[in-house]
Each structure stands twice: as structure tokens, then as C-alpha cells.
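Participant: Need coordinates for the below:
(2 chains)
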Amino acid sequence: MKLTGAEIFVECLKREGVKTLFALPGGVVLKIFDVLHQQKDIDVILTRHEQGAGHMAEGYAKATGKPGVALVTSGPGMSNIVTALVDASMDSVPLVCFSGQVSTSLIGNDAFQEADNMGLSRPCTKYNFLVKDVNDLAVTIKEAFYVATTGRPGPVLVDIPKDVSMNKTDFTYPGSVSIRGYNPTYDGNKWQIKQAAEAIAKARKPILYVGGGVVFSGASEELIELAEMMNIPVDMTLMALGAFPGEHPLSMGMMGMHGTYWANMAVHYSDLVIAVGARFDDRVTGKVSEFCPHAKVIHIDIDPTSIRKNVNVDIPIVGDCKRVLRELNQILRATVNGEQKELRKPWLDQIHVWQRAHPLTYEQDSNGPIKPQHVIKRLYELTKDRDPIVSTDVGQHQMWAAQYFKLTKPRRWLTSGGLGTMGFGFPAAMGAQAAFPGRLVLCVAGDGSVQMNTQELATAVVNKLPVKVVIINNRFHGMVRQWQDLFYEGRYASSYLDVVPDFVKLAEAYGAVGLRAAKVSEIDDVIQEALAVDRPVFVDVPVDQYENCYPMIPAGGCNHEMILADPPELKKKQAVGTPVVGEDKDTVLTA
Amino acid sequence: MEHIISVLVENKFGVLSRVAGLFSGRGFNIESLSVAPSLDPSMSMMTIVTRGDDRIIEQIVKHLNKLIDVIKVVDLNESEFVERETALIKIHTKPEDRAEALRIADIFRANVIDSTPTTYTIEVAGDTKKIEGIINLLQPLGIKELVRTGRVAIAREPVRPVAAQPKRVAKE
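Facilitator: This is a model prediction of the structure:
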């Protein structure tokens, strides 16, 4: 029996085990939506904006490890999801995005809602396909899933012209595919691994610098074994949070621009940096030429281009983190003795000195304005027993969440690291909630960020995705304001948000629940109340507007030269209250 | 330092834009690029002339390898290679210059492949120095149009010393 392209599309998705499709229809994909409408196996979540669909698919993928799948229409549908594709590309998120295209006969004619989808997506996908013939559709979809999920994961786009979804052909789904130009390396070079093991056994001041690759390859167990066996402290990048238990004595927390003092000092003064699934991003290295100046560097990564891109590496190992660490552990296990623990004691003692010298702090006056850190700390304390999934938007609140929310397991942390996409958090949380309906999914958002995708409140309500969004509301683009404070003499160019909607009313307008904690004493009760309802909730928390996020390594600065608190002149200026900031009730939009 | 990189790619639409996009997107530079089908028509061979220090060249080679449509990448500078380029040069000649033009072409072993009363089109092949040499000499005569293919290159086969053969072999 012959099937239409649209039927083949749906059948292929079923064969790939797709359960949830984040989608928004349009003219050229109507045939596909029509088929989707008449089946029950794939749950179609209609989003209110294609960017939302993209981030939901990302959240789904980050939380499950399975590819997130989105379907959008041609032209604006495609261009709207580009941000999510770039984001997924930067953070190695397996995504398969299907876009509609005008009929093959019209391609290139500037037809209605036509865009060069291949051209738009080429630089922001791992690979992209244009299906010109319905006979190629099934194998292309198989290849798309294969490329997205193997090697270093990433987004893949499949562009399907309207006539391809209408035409008919015989359907056969290939069991497997292989592409001659694509052969990721999974097993590390044995000799190199042996070299690494020798270097690790000898090092007096080693540090593990772990990135998102540990999460993607599911290498947490191996990482914990290595760290414990050899007594090595673990610095995590923003992407790696959860890959190593946050409360573990060897956990140094997050490193980098807003990382902990001791994590950054440790990497700076170490004699051996073991980078696993990380890519020496500028937010981690600071000034590259002075990054870990005393250390030998081992770099384990599945992507050869990550190695020696920014930093010279002494022992490069291309391979899957899990497999390489497993092999490394095997060698070390045979040679390990009590000596290593003794050898590293002075090093760990030194780190403890740093930890005690500059812990993460803030001062919460019980009658004063709410400190943003306090909100996140309370949220953490009140939810940690429920093993929540936490998403964030981008900005100060993201960094505070990274500092104060100690995750114990991987795939609990959804954040936009590489691209830094404001508006990511809320839809990403919904994507994770769609994958795990019974779990607690939290989103720590900023008032600036969350406004970039509030339209998805409707999606959350309709699809019963009871995510809990806590909005750290300082009426500023806070991180921008912080930089303006520190580097632009406090001139708040376009960082103050004159009008911020009443988030409680906004949530209610969509049929969600809106709550507000206006005083310190209300925080716990409001969070508890939010957790108790089985509906999407916006919790608005107006916080101290001028709180800055520390430690901070200024862009291009060295890792051991951190700003640890507001410089004195800054404190004075804020106390005088130079910027013009209205009272909340004056500028809040009311219905 | 200049490197010549040979890239075997899938012969299908869009591959050139992926390679070109990689160079522009990452700020690598392309001095010349030539591409044509290989012996197997499903693949094309690209010859890319680029420039950069060792770290950049290493990244270029790795990034090319990472492209899914790229099948094989060889940095020819890692061994010996020979390179050639072809140029087609159309010169506008005054009657008194026509003999001189032919003489120059002769010196460079170039061929005249088209001729009109006022023009010659000269085809010349060789390494970059040779191409630039003939251009320099023809320029005073008046070059009307110039088209260069960009360089193509191929690795030299290593020369193996001929093993001494025993003079006589007795077989039972």
C-alpha cells in the first residue's frame, strides 16, 4: 500500500519512539498536521510561538537524553525557531526539527512564506536535509535521528516541501543507516589513556574540570569513581551541574566567571587539569593565556575540534567521556594505593582554606528587601527532597541558581549556557514536564527573561504542564545593570524596565496561578503554596534591585583575580539612589 | 604559513556552501578553492589554499573532517606535493605588439587558444610564480581579461629505492 509523505512522516516518528511533538502549524505542513490529528501515539503540543516549541524540545531532550522533536511551518515558522537551533547547537542538544517548505516547483521563486530554510539553518545545525523526493523521506528521517543523537549531539533540520508531504510512495523504514563521511570516535586512544593515568597518579594538585559532555554521555558514575578513588576535587561548568553531586565533599561547585572562589583558585593553582567533556569556553577560562598556568592539561572530548581550540593540551583524548573514563578508572584501579590520598591532602587542605576564606554569602535582613540569593536558597531547601528538575533563564538569577541550587544527579539542570538565550527557561521547563508528568519541574526566571516567552503560559495551561516559575523580579535586566555598575560608571542604558507586568495577573489572565511573595517572611509559605497546586504557577518575588552577583571574574580577567563584593564606591552610589526607579505600584500595569 | 588542503566531499548540492560557510563562520581564510568531480562521480575533490599558524591549520583540518559531507581531508603540506594552476589571459594587442605577445607566450610555453585581429587569448599552466611571471610581462601590452583556476595539487608518490634483485634465481 502506498502512503503519503505526511503518513510516512508520522510512521517514521513512531518508529523512532517519538512520544511528544512540539509544533505549530501553517499552510505547507497542514497535510502532516491532518495525519497527526488522526492518531493517538504521538502527543502534539501546540505552542504559541515557534521559539517556544524549540526550547520545549530542548528541555525535553536535556531532561530525558532522548532527541527533542519539533515541527514548524515554512518562512516565519522556520525563522522563529532559529534561536532554539543555535542554542541547541551551542549546548550540544539532540534536536530533530522538521520545517515545512513551499512545493519543490516553487522553491526559489520568493513564494508566499518561503524562506531559504537550508541557508538559515546551515550554520546553526549539526546537519540539515532538504527532502526533494518522497522516496527519500523515510531514509532521511532515519539519518536525521542518527546524526542528532550520535557523536557530539546536536540539532538537525529536515526541510519538507509541501508536495513531498502530499505525494505517495511505498513505505519501508530502514533498520539502520550509515553515512560515509560521519564516523564519530567513541573509544579513546589506549596509549593516550595510559599517559593520562600516569599523569593523574603523579599529580599533587589535580583538578577535574567537567563539562556538559559528562551529562550527555551518562558518565557521572565513572566520574564519581575517578574523583573518589584518586581524591580529586571536581570543578563543574555551568552545563555540568548535577553531573557530580553538589553536596559531595569533593564538589567545588561551579567554576568560571561567577563560579565559586575556591573552584577558580583551585584550577588556577593546580598542577594537572583533567578536562572531561568541556570546551574551555571563555566564560570558564577568563584570560586564556593565563588559564591554569602551572598545569599540565588532559582533555577528554568526543569532538576533536574542541581540543586545542582555545588552550594548548598536553594529553588529548578523543572519545566518549563514559568509555574513556571507564578505561582510565580500570588502569588506575590496578595501580592505586593509599599514597594518592596522602599526596593530595595538602592540596585539599589548601582548597578548604580558600573555601573558608570566601564562602558564598549574602546578607538577608529580615525586614529589608528580599535578597535574590535567599529566594533561591529557600526554593532549594524546600524542594531538594523531591529531586526537582530546575530550568533557568539567563542572567543574574541563572548564576545565583547555579551557585545555590545543589543538584545531586545529572539531567536535572536545564539552562542555556553557550548562547545565553533569555526566554529559554520557561518553555524548557515545560518540555521537561511533558516528558515527566509526575515530576516537580521548577523554573528560576528573571523578570526580563521570562517576558521573552510568556505567551507559552497558554501552552502550559492547555497541556496541563504544572511547572513552577519563580520570577526573581528586580525590574532590571540585572546582569546588564551589574556590568553598567562595574564598568560603565552606573549609567543604566536601557537596562531599567519602566514597565513590568503584574505577573500575578498575567498568570491569572491565562488561567494559570499567580502568587507573590512581597516580604521575606512570606517566601516559604508562597513557595509551599505553589508546590501544592497541580497547575502552572508564576511566583513573583520582587527583590533587592541592586544586588550584584559575586564572585565575578571581569571578562578577559584571570581566574584568580575575582571581584568578591561591590567595590566601596559602588555601595555609596547605590545608597544615594541615583537612578530613577519608581515605586512598584506606580508602574505596575493594572488591568 | 600557506597550506594546501585536499578535501574529498560528497558530490551533491549544498556541499560547497557548507565548506565555504565553515571558513567564513570561523574566520578562517580561503586564498583559492577549486572543485570538480573525482574519479568516482559521487564524490568531488576540493583543493583549498589557506593560510594560518599550526593551531589554525589544525582547527581547519579538524573542522573540515567534522563536516558530515566531507569524506577525507589531507593537508598536503605534511608531505611533498606538486601544484599547478591554469590561467586564461585575454590581451588587447596593437599590431606592433602582436609578435611580442607570441614571443612571451612561447617563453612560458603557453598556448594561444583564441585569436582575433585585436586580441589573443593565451592559456598558461604552471605554479604560481610562473603564472604571475607571464602576467607581469603581458601587462604592459594590455590585459583585457584574466581568469585563474586557483591551484590544484596532488601529493608526490614517495620514491622507493629499487631493491637489489639477485642476478640469478635457481628454482627447482
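
Participant: Show me what the lengthiest helix in chain A is packed against.
Facilitator: Secondary structure of chain A read by DSSP state H shows that its longest helix is helix A:339-357. Secondary-structure packing of helix A:339-357 (3 or more Cβ pairs under 8 Å, 6 or more residues apart in numbering or on different chains; DSSP states H and E): helix A:261-269. C-beta coordinates here come from the backbone N, C-alpha and C atoms, glycine included.

Participant: so after the helix it packs on, what's the next helix or strand?
Facilitator: If you walk from helix A:261-269 toward the C-terminus, the next helix or strand you reach (DSSP states H and E) is strand A:272-276.

Participant: follow-up on the earlier one: and the angle for the longest helix of chain A with helix A:261-269?
Facilitator: Angle between the axes of helix A:339-357 and helix A:261-269 is 130 degrees (criterion: axes from the mean of the first three to the mean of the last three Cα atoms, to 10 degrees).

Participant: and residue A:571, what pLDDT?
Facilitator: For residue A:571, the model assigns a pLDDT of 72.

Participant: quick one on the thing from earlier: quick one: the helix or strand following the longest helix of chain A to chain centroid distance?
Facilitator: For helix A:339-357, the succeeding helix or strand toward the C-terminus, using DSSP H and E, is helix A:372-383. Chain-centre distance of helix A:372-383: 20 Å, with Cα atoms, centre = their mean, to the nearest Å.

Participant: ditto for stretch A:146-161
Facilitator: Distance, stretch centre to chain centre, for stretch A:146-161: 18 Å (Cα atoms, centre = their mean).

Participant: Specify the beta-bridge partners of residue A:98.
Facilitator: Beta-bridge partners for residue A:98, by DSSP bridges, are residue A:71, residue A:158.

Participant: List the residues that contact residue 17.
Facilitator: Because you didn't say which chain, this covers chain A. residue A:66 (Cβ atoms under 8 Å, 6 or more residues apart in numbering or on different chains).

Participant: should've been chain B
Facilitator: By Cβ under 8 Å, 6+ apart, the contact list for residue B:17 reads A:119, A:122.

Participant: Next, the buried residues of the helix or strand containing it.
Facilitator: Using DSSP H and E, residue B:17 sits within helix B:15-25. Going by neighbour count (16 or more other Cβ atoms under 10 Å in any protein chain shown), the buried part of helix B:15-25 is B:15, B:18, B:19, B:22, B:23.

Participant: average pLDDT for it?
Facilitator: Helix B:15-25 comes out at a mean pLDDT of 95.

Participant: Equivalent analysis for stretch A:497-514, please.
Facilitator: On average, stretch A:497-514 scores 96.

Participant: just stretch A:288-295 next, same as before
Facilitator: Average pLDDT, stretch A:288-295: 94.

Participant: repeat for stretch A:301-320
Facilitator: If you average the pLDDT over stretch A:301-320, you get 96.

Participant: Only alpha carbons, please: show that stretch as CSV.
Facilitator: Output of stretch A:301-320 as CSV, limited to C-alpha atoms (Å, rounded to 0.1, in the frame of the first residue of the first chain):
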residue,chain,number,x,y,z
ASP,A,301,36.2,15.1,24.5
ILE,A,302,34.3,13.4,21.7
ASP,A,303,34.7,16.4,19.4
PRO,A,304,38.2,16.7,18.0
THR,A,305,37.6,20.4,17.2
SER,A,306,37.2,21.2,20.9
ILE,A,307,40.7,20.0,21.6
ARG,A,308,43.4,22.7,21.2
LYS,A,309,40.8,25.2,20.1
ASN,A,310,41.4,27.7,22.9
VAL,A,311,44.0,26.1,25.1
ASN,A,312,47.1,24.0,24.5
VAL,A,313,46.6,20.4,25.6
ASP,A,314,49.3,18.0,26.7
ILE,A,315,47.3,14.8,26.6
PRO,A,316,44.4,14.9,24.2
ILE,A,317,42.0,12.0,24.2
VAL,A,318,39.2,12.0,21.6
GLY,A,319,36.4,9.7,22.6
ASP,A,320,33.2,9.3,24.5
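
Participant: can you pull the buried residues of it?
Facilitator: Buried residues in stretch A:301-320 (16+ other Cβ under 10 Å): A:301-311, A:313, A:315-320.

Participant: Stretch A:407-414 too?
Facilitator: Across stretch A:407-414, burial judged by 16+ other Cβ under 10 Å covers A:407, A:410, A:411, A:412, A:413, A:414.

Participant: contact partners of stretch A:446-454?
Facilitator: In contact with stretch A:446-454 (Cβ under 8 Å, 6+ apart) are residues A:49, A:51-52, A:55, A:393-398, A:422-427, A:469, A:471-478, A:497, A:500-501, A:503, A:506, A:538.

Participant: For that stretch, measure first residue to last.
Facilitator: 12 Å (Cα to Cα, to the nearest Å).

Participant: Rebuild the buried residues of stretch A:407-414 as a markdown table, extending it with secondary structure.
Facilitator: Formatted as a markdown table, the buried residues of stretch A:407-414 follow (DSSP: H, G, I helix; E, B strand; the rest coil):
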| residue | secondary structure |
| --- | --- |
| A:407 | coil |
| A:410 | coil |
| A:411 | coil |
| A:412 | coil |
| A:413 | strand |
| A:414 | strand |
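
Participant: Around chain B, which positions in chain A sit nearby?
Facilitator: Contact residues (Cβ under 8 Å from any Cβ of the partner chain) of chain A with chain B: A:118-119, A:122-123, A:126-127, A:130, A:147, A:179-182, A:303-305, A:307-309.

Participant: just the CA coordinates of stretch B:35-43, formatted as PDB?
Facilitator: Listed next in PDB are the C-alpha coordinates belonging to stretch B:35-43 (Å, rounded to 0.1, in the frame of the first residue of the first chain):
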ATOM      1  CA  VAL B  35      36.400  21.900  -7.100                       C
ATOM      2  CA  ALA B  36      35.400  19.200  -9.600                       C
ATOM      3  CA  PRO B  37      34.100  15.700  -9.600                       C
ATOM      4  CA  SER B  38      36.600  13.000  -8.600                       C
ATOM      5  CA  LEU B  39      37.200   9.600 -10.300                       C
ATOM      6  CA  ASP B  40      34.100   8.400  -8.500                       C
ATOM      7  CA  PRO B  41      31.400  10.700  -9.800                       C
ATOM      8  CA  SER B  42      29.600  10.600  -6.400                       C
ATOM      9  CA  MET B  43      32.400  12.500  -4.900                       C
END
